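Colleague: Provided below for reference: sequence and predicted model.
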Amino acid sequence: MLMKNKYISIPFDESKLKERNIELAFILEMSNFLSKYINLKELLQGALSKILKYFDLDSGRIYFIDEKMTFLNLAAYEGLEPGGLKKINIKEGFSGKSVETKAFIAQHVSELEDKKRVALLKGKGFKIIICTPLIVMGKVRGVMNLASKKDFILSYQKIDLLMAIGNQIAIVADNISLYEDLNCKIIDIKEKKEMIEFFAYSVSHDLKNPAIGIYGLTKRLYDKFSNVMDEKAELYCKQILKSAELIVSLLEKINTFIITKESSLDFEKINIKTIIKEVRNGFENLLKQRHIKWLEPDDLPEIIGDKLAFFRIFQNFTDNSLKYGGESLSKITIGYKKDQKNHIFSFSDNGIGIKPEAKEKIFGLFQRHDTSKGIIGSGLGLAIIKEAAERHNGNVWMDEHTIKGVTFYLSIPKKIKQQA
C-alpha cells in the first residue's frame with residue numbers, strides 16, 4: 001500500500017514502533033542504552049537487568065573469555081549469587097559447550113550432567129536455563145546465561161532476539177575494552193613524553209653553565225699562554241673551545257625546541273615585515289662580511305600568530321642558509337603569495353643546496369645534511385620551524401625541484417584555530 005504513494009513521510013515514534021514490532025523496539029532500546037556507557041561493569045549490569053525484565057526471567061550472568069582462551073570470567077550477574085562459578089573452564093559444562101559450538105543452548109535443569117548443579121538450581125526453584133554466545137566477527141567473546149523458575153516458551157523470534165542482543169553487548173564490550181586500552185596508552189605516552197621533556201630541559205639547563213665555564217677557562221688559558229704552547233697544546237685548546245661551543249649551541253637549540261613545542265602561544269596581529277627586519281638586523285654584520293644580498297618583497301602581510309614563534313621561524317631559516325649554504329652563497333630571498341585559505345612564504349638561497357632524497361628527513365630531530373660536516377650545529381633548526389608551523393595549523397616543506405641552492409615553503413592559514 002505504501003509503495004503506491006509518490007511521497008512518504010513517517011515521523012519516528014517509538015511507542016508506535018512497539019505496537020508494530022516489539023522485538024525491533026527492544027533492540028532499539030538496548031542500542032540506545034548500550035551507547036550511553038563507557039564503564040563496562042555498569043553497562044553489563046544495566047543490560048542484564050533489561051534483558052531479564054523484557055523476557056520475564058529470574059536470573060542471569062554474563063561471562064567473558066580471558067586472553068588465554070582458558071576461562072570464562074564473571075562480569076555481571078543478577079538474581080542468583082555466583083558461588084563458586086566466578087570462573088568457569090572454557091571446555092566444561094553448559095557454557096563451555098555454547099562457546100565450542102557457537103550455539104544458543106536451552107535446557108531443562110533436570111537434564112544437566114552436573115548433578116550437584118541440578119540439586120542447587122532445583123533447590124532455588126529454577127526449571128529452565130539458557131546460554132547465549134556473545135559473538136563478534138565470528139568469534140565468541142563470552143556467554144550470557146539466563147534462568148527461569150517457570151516454563152519458558154521458546155520461539156525462533158526469541159532466540160534470534162537474544163542472539164542479536166548478545167552480539168550488541170559483545171560489540172560494545174569490545175569497543176569499551178579498546179577505548180580503555182587506548183586511554184591507558186595515551187596516559188602512558190603522555191607521562192613518558194613529560195618525563196623526556198623534563199629530562200631534556202634539566203640536562204640542557206644543568207650542562208649549559210659548566211660548558212660555558214669550560215669555554216671561558218680554556219679561552220683565557222689560550223689567550224694568555226698560546227705564545228708558549230707547542231703545536232699539540234694549541235690544537236687541544238682549539239678542539240676544547242670548538243667542542244664547548246658546540247655543546248652550548250646544542251643545549252640552546254634543545255631549549256628553544258622545547259619552548260617552541262610546549263609554551264603557550266600568544267596569538268595577535270603581527271607584521272611579518274617587522275619580524276623579518278629584526279631577523280635581518282641580527283645577521284647584518286655577517287651578511288655584510290660575506291657580501292650576501294638580502295631580498296624581500298614590499299607587500300609582506302599582517303597575520304594572526306605568535307610573534308616569537310615567527311621570529312624563530314625566519315631566524316632559523318636564515319641561520320640554516322648561512323651555516324650550510326657554503327662559500328658560493330651570495331643571495332637570500334624571501335617571497336610571499338597567498339591563496340583563498342593560506343599565506344604562503346618562501347625562503348630560498350643560492351648556496352650548495354640539499355639533495356632531494358634528504359627532503360623527508362631534514363625536518364626531523366638532530367638531522368644534518370651532507371654540507372654540514374665540520375660546521376657547528378645541532379640539527380634542530382628545521383625541526384623548530386616545523387613545530388612552530390604545525391602549532392599554527394600550518395605546514396613547511398622543501399622544493400625538491402630547485403636547480404641551485406634550496407627553497408623552503410611555509411604555509412599558514414589565514415584563519416587559525418588557536419591552540420593553547
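Modeller: Looks like it arrived, so ask away.
Colleague: for the stretch 101-250 of the chain, which segments are assigned as helices?
Modeller: For the stretch 101-250 of the chain, the helices defined by DSSP state H, counting those that start in this stretch occupy 115-123, 156-225, 231-262.
Colleague: to Ala103, which of those helices lies closest?
Modeller: For Ala103, the closest of these is helix 156-225, at 9.8 Å, according to CB to CB. In short, each C-beta sits where N, CA and C put it, glycine included.
Colleague: list the helices and strands the closest one packs on?
Modeller: Packing partners of helix 156-225 (3 or more CB pairs under 8 Å, 6 or more residues apart in numbering; DSSP states H and E): helix 22-34, helix 40-55, strand 128-136, strand 139-148, helix 231-262.
Colleague: mind doing that once more with 6 Å?
Modeller: When contacts are defined as 3 or more CB pairs under 6 Å, 6 or more residues apart in numbering; DSSP states H and E, helix 156-225 packs onto helix 22-34, strand 128-136, helix 231-262.
Colleague: pick the most buried one from these.
Modeller: strand 128-136 (a mean of 23; mean count of other CB atoms under 10 Å).
Colleague: quick one on the thing from earlier: now tabulate the helices and strands packed on helix 156-225 in CSV and tack on distance to Ser9.
Modeller: Compiled in CSV, the helices and strands packed on helix 156-225 are given as follows (distance: least, CB to CB, whole Å):
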stretch, distance to Ser9
helix 22-34, 20
strand 128-136, 36
helix 231-262, 54
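Colleague: which neighbouring elements make contact with the one helix or strand Glu268 maps to?
Modeller: Element membership for Glu268, per DSSP states H and E: strand 267-271. Using 3+ CB pairs under 6 Å, 6+ apart as the contact criterion, the elements in contact with strand 267-271 are strand 302-306.
Colleague: quick one: the most centrally placed residue in the chain and Glu180, what's the gap?
Modeller: Taking CA atoms, centre = their mean as the criterion, Ile186 is the residue nearest the geometric centre of the chain, at 7.1 Å. Distance, Ile186 to Glu180, by CB to CB, to the nearest Å: 11 Å.
Colleague: can you tell me which of the helices and strands packed on helix 156-225 the model trusts least?
Modeller: Among the helices and strands packed on helix 156-225, helix 231-262 has the lowest mean pLDDT, at a mean of 75.
Colleague: sec struct for the residue nearest to Asp66 when sequence neighbours are not counted, please.
Modeller: Excluding the flanking residues, the one nearest Asp66 by CB to CB, 6 or more residues apart in numbering is Asn73, at 5.8 Å. Of the three states, Asn73 takes strand under DSSP: H, G, I helix; E, B strand; the rest coil.
Colleague: so what's the residue count around Asn73?
Modeller: 14 (other CB atoms under 10 Å).
Colleague: for it, give me its contacts.
Modeller: Asn73 is in contact with 64, 66, 87, counting by CB atoms under 6 Å, 6 or more residues apart in numbering.
Colleague: are any of those buried, and if so which?
Modeller: Phe64 (16 or more other CB atoms under 10 Å).
Colleague: ok, now which ones touch the nearest residue to Ala103 once chain neighbours are set aside?
Modeller: Counting by CB to CB, 6+ apart, Ala103 lies nearest to Pro133, which is 6.8 Å off, once chain neighbours are set aside. The contact partners of Pro133, taken as CB under 6 Å, 6+ apart, are 98, 102, 140, 143.
Colleague: how near is the last one to Gly60?
Modeller: Spelled out, it's Val143. Applying CB to CB, the value for Val143 to Gly60 is 11 Å.
Colleague: and those two? which has more neighbours close in?
Modeller: For Val143 versus Gly60, neighbours defined as other CB under 10 Å are more numerous around Val143 (27 against 22).
Colleague: re earlier: which of the contacts of Pro133 sits closest to Tyr222?
Modeller: For those, the nearest to Tyr222 is Val140 (77.2 Å; CB to CB).
Colleague: pLDDT weak spots in the stretch 1-150 of the chain?
Modeller: By pLDDT under 70, the weakly predicted segments of the stretch 1-150 of the chain are 1-7, 37.
Colleague: that should have said the stretch 301-420 of the chain, apologies.
Modeller: By pLDDT under 70, the weakly predicted segments of the stretch 301-420 of the chain are 355-361, 364-379, 401-403, 417-420.
Colleague: what strands flank the strand holding Glu268, and is each parallel or antiparallel?
Modeller: With DSSP bridges as the test, strand 267-271 is paired with strand 302-306 (antiparallel).
Colleague: in the partner strand, which residues are buried?
Modeller: For strand 302-306, a neighbour-count test (16+ other CB under 10 Å) marks 303-306 as buried.
Colleague: now do stretch 270-277
Modeller: For stretch 270-277, a neighbour-count test (16+ other CB under 10 Å) marks 270, 272-273, 275-276 as buried.
Colleague: of the helices of the stretch 101-250 of the chain, which is nearest Pro82?
Modeller: Of all the helices of the stretch 101-250 of the chain, helix 115-123 sits nearest to Pro82, with 11.6 Å by CB to CB.
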